[in-house]
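predicted model and sequence follow; I will ask about them next.
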Amino acid sequence: MNILAVGDVVGQVGVRELQRRLPKIKQKYNIDFCIVNGENAADGMGLTEKLFNDILHAGADTVTMGNHTWGKKDIFKFIDDHRILRPINYPEGVCGKGLQFYTCKNKKIAVINAIGRAEINILSENPFLIVKKAVEEIKDQVDIIILDFHAEATAEKMAMGYYLDGEITIQFGTHTHVQTADEKLLPNGTAYITDIGMTGPKHSIIGMEKDAALKRFLTALPERYKIADGEAMFNACIFEVDEDTNKTKRIFRIN
């Protein structure tokens, strides 16, 4: 089974690039199941119902979110759709789900979305404890468990990988918008990559217009961010899972 995870879709530029490339990539690599992080799709902050449907129609099976989950009020129209996940470690009682179940090629797949706490100013519960509890509850009910860990700190992502090594099938990181070259199989078999990157404006500062971002760094004055335009890039990672063992055999990045 080939599982594709697509890095943070940023703005309309990113959505258009996803629509252009995803069908071809799915065909080329015989993709069976596709996860897309869409939390930056609506002007860099949040997701609208239209863009959610655009991402699904492009070929995503499910859409994960992150620190900008609530960036657009539109989210409350569709947050309970089974094809979208918000971080599982948001406070108890928050609408939406951080764990969803899917069936593909007679395999039961659980997808979990979690958000980190290091250097992310979001009120959230401890992701290590919450995710571990969820995995313990479902591990005998599913064949494959996938975690999108939306976090800033590399160390936090790595720590989560080793903490869950052997307990989940795949952990990929999102949020930093820069693809890392550290894809690996951890000692107990979990497939890991710190960050799968970004699908959005290529000549930008993590998706944002260069001049606005530079002004903030040069002057320390507030400046409204704006999504960059122009040429786009597509970042993703493919995980080849053995259908007999449910373990990942191979990982490779798309950039």
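Looks like it arrived, so ask away.

just the buried positions in the helix-or-strand element of the chain with minimal mean pLDDT, please.
Using mean pLDDT, DSSP states H and E, helix 210-219 stands out as the lowest-scoring helix or strand of the chain, at a mean of 90. Of the residues in helix 210-219, residue 213 count as buried by neighbour count, 16 or more other C-beta atoms under 10 Å. To be clear about C-beta, it is placed using only N, CA and C from the backbone, and glycine gets the same treatment.

farthest from the middle of the protein: give me that residue.
What lies farthest from the middle of the chain is residue 219; by C-alpha atoms, centre = their mean that is 32.4 Å.

need the contact list for the most centrally placed residue in the chain.
In the chain, the residue lying closest to the centroid (C-alpha atoms, centre = their mean) is residue 37, at 3.7 Å. Applying C-beta atoms under 8 Å, 6 or more residues apart in numbering to residue 37 gives the contacts 5-9, 63-66, 148, 150, 174, 196.

same check on residue 102?
33, 61, 62, 108, 109, 110, 111.

could you flag which of those residues are buried?
Neighbour counting by 16+ other C-beta under 10 Å classes 33, 61, 62, 109, 110, 111 among the contacts of residue 102 as buried.

that older thread, can you name the residues bridging to the residue nearest to the centre of the chain?
Taking DSSP bridges as the rule, residue 37 bridges to residue 64.

quick revisit: least confident pick among the contacts of residue 37?
Within the contacts of residue 37, residue 7 has the lowest pLDDT, namely 94.

wouldn't it be in contact with residue 175 here?
No - assessed by C-beta atoms under 8 Å, residue 7 is found out of contact with residue 175, at 9.6 Å.

okay, the two: which has more neighbours?
Legend: neighbour count by other C-beta atoms under 10 Å for residue 7 and residue 175, higher for residue 7 (31 against 26).

which residues does that one contact?
Contacts of residue 7 by C-beta under 8 Å, 6+ apart are 37, 174, 177, 179, 195, 196, 197, 198, 199, 235, 236, 237.

end to end, how far does stretch 79-94 reach?
Here the two ends of stretch 79-94 are set 10 Å apart, with distance taken as C-alpha to C-alpha, to the nearest Å.

which residues touch that stretch?
Around stretch 79-94, the neighbours that count as contacts under C-beta under 8 Å, 6+ apart are 38, 47, 52, 56, 60-66, 69, 78, 95-100, 111-115, 123-127, 130-131, 134, 148, 150.
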